[in-house]
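Novice: With the sequence up front, the predicted model follows.
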Amino acid sequence: MRTKIDSIAEIINYNEDQPLINLENSLNFYSLRKEIKFKEGEWLKLQGDGEWDLTTDPDSHFILEDTERTLLNVGNEFIIGQTEDDYKIYKLYENAVVVFDWSEIQTLKEINLGILTPSQLLNDLSQYNGRIRIEMPDSLIGIDPFVPSVPDYGPCKKRNDIRYIFDTSNKRRIKTVSKFHDPILLIRDSVLKAKTKVYKKSKLLGWIPANATILVQLDSDGRMENCEINEKDPYTDYGYGTRHKVKVKWILYNGQPKAVKHKIRSTHRHSGHEKVIDFYDGTVTHL
């Protein structure tokens, strides 16, 4: 769990896997990134030519970025502090961050072992006298953030996580990700993300990650202001290359990401196939 990082910026600026692997090896650190990559490889071996159940895909983890996965252990945790007296352990969930003083390390172990659930912790938080704190977005105050269901925000959505698998050519498939969420504490920015990943069918190994020429593009008809689109200020960015994955993200430094139907979309392209996905409800347009 304890990891010494001298320069976060050195990691965040990298886009390829090798520097992340080098970092893990130099620290002798088994990261969440490494765990997910191993489990995804085992999961891919079980996939045939029919539909893939992405709800069982280890790569469908709510931590989307490999750089972030590299900084976390397999429990979605990291430590900040100089000595054990001032260590703070941050444990990340989809909708909340739980902050433990080092003196509550045993409570953290009980959660990781399943003896204590996060919801039970939330319901009896006062007994810890501030040694354990739970941070969550304002939109979830009064709602148990550890229950998987997300409130229905009606025509103005504040979060969504849309993932698909598409056949694009002979023995090739792409995975698409279109995700946005509101911020938590200092851990998570307000951000929209899109990603395209490609896989191929190997005679010996089954489905494996592959390199190919792929594209991902993120478009908005305008900047978002209180879930209204400013039509005068459209936004477009894209990632493109011959590699296993390409990604793009739009960080909102002021305000929260919100989506209305037909106004924000991601485009994913490979081998002459193009899929456009609506961030609001996941509607797919095949071009």
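Specialist: Done, it's in. All values reported here derive from a predicted model rather than from experimental measurement.

Novice: what about the strands in the stretch 151-287 of the chain?
Specialist: Using DSSP state E, counting those that start in this stretch, the strands found in the stretch 151-287 of the chain span residues 160-169, 172-181, 190-202, 206-209, 212-220, 223-225, 228-230, 235-243, 245-252, 264-270, 273-278, 284-286.

Novice: Throw those into TSV and include mean neighbour count and mean pLDDT, thanks.
Specialist: In short, each C-beta sits where N, CA and C put it, glycine included. Converted to TSV, the strands of the stretch 151-287 of the chain look like this (neighbours: other CB atoms under 10 Å; pLDDT from 0 to 100):
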stretch	mean neighbour count	mean pLDDT
strand 160-169	17	93
strand 172-181	23	94
strand 190-202	22	93
strand 206-209	17	94
strand 212-220	20	95
strand 223-225	18	69
strand 228-230	15	72
strand 235-243	14	93
strand 245-252	18	90
strand 264-270	24	96
strand 273-278	18	96
strand 284-286	11	94
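
Novice: Can you check which of those gets nearest to Pro145?
Specialist: With CB to CB as the criterion, Pro145 lies closest to strand 172-181 of the strands of the stretch 151-287 of the chain, at 12.1 Å.

Novice: How is the protein partitioned into domains?
Specialist: 8-56+67-140, 152-286 (automatic domain parsing).

Novice: out of those domains, which comes closest to Phe146?
Specialist: domain 8-56+67-140 (4.1 Å).

Novice: what mean pLDDT does the closest one have?
Specialist: The average pLDDT within domain 8-56+67-140 is 86.

Novice: what sits against Ser266?
Specialist: By CB atoms under 8 Å, 6 or more residues apart in numbering, the residues touching Ser266 are 176, 178, 194, 216-219, 276-277, 279.

Novice: For the spatially closest residue to it that is not a sequence neighbour, give its distance to Glu228.
Specialist: Distances taken as CB to CB, 6 or more residues apart in numbering place Ala194 nearest to Ser266, at 3.6 Å, with adjacent residues excluded. Ala194 sits 22 Å away from Glu228, going by CB to CB, to the nearest Å.

Novice: Kindly report the same for Asp237.
Specialist: Where Glu228 is concerned, Asp237 sits at a distance of 21 Å (CB to CB).

Novice: what helix or strand does the residue nearest to the spatial centre of the chain sit in?
Specialist: The residue lying closest to the centre of the chain (CA atoms, centre = their mean) is Leu64, at 2.3 Å. Leu64 belongs to no helix or strand when assigned by DSSP states H and E.

Novice: And Gln82, by the same measure?
Specialist: With DSSP H and E as the test, Gln82 turns up in no helix or strand.

Novice: same deal with Thr70?
Specialist: Going by DSSP H and E, Thr70 is in helix 66-71.

Novice: How far off centre is that helix?
Specialist: 10 Å (CA atoms, centre = their mean, to the nearest Å).

Novice: Over to stretch 51-64?
Specialist: Counting by CA atoms, centre = their mean, stretch 51-64 comes out at 10 Å from the chain centroid.

Novice: Endpoint to endpoint, it covers what distance?
Specialist: 22 Å (CA to CA, to the nearest Å).

Novice: Could you do stretch 91-98 as well?
Specialist: Terminal residues of stretch 91-98 lie 5 Å apart, using CA to CA.

Novice: Kindly report the same for stretch 223-234.
Specialist: Start-to-end span of stretch 223-234 (CA to CA) is 6 Å.
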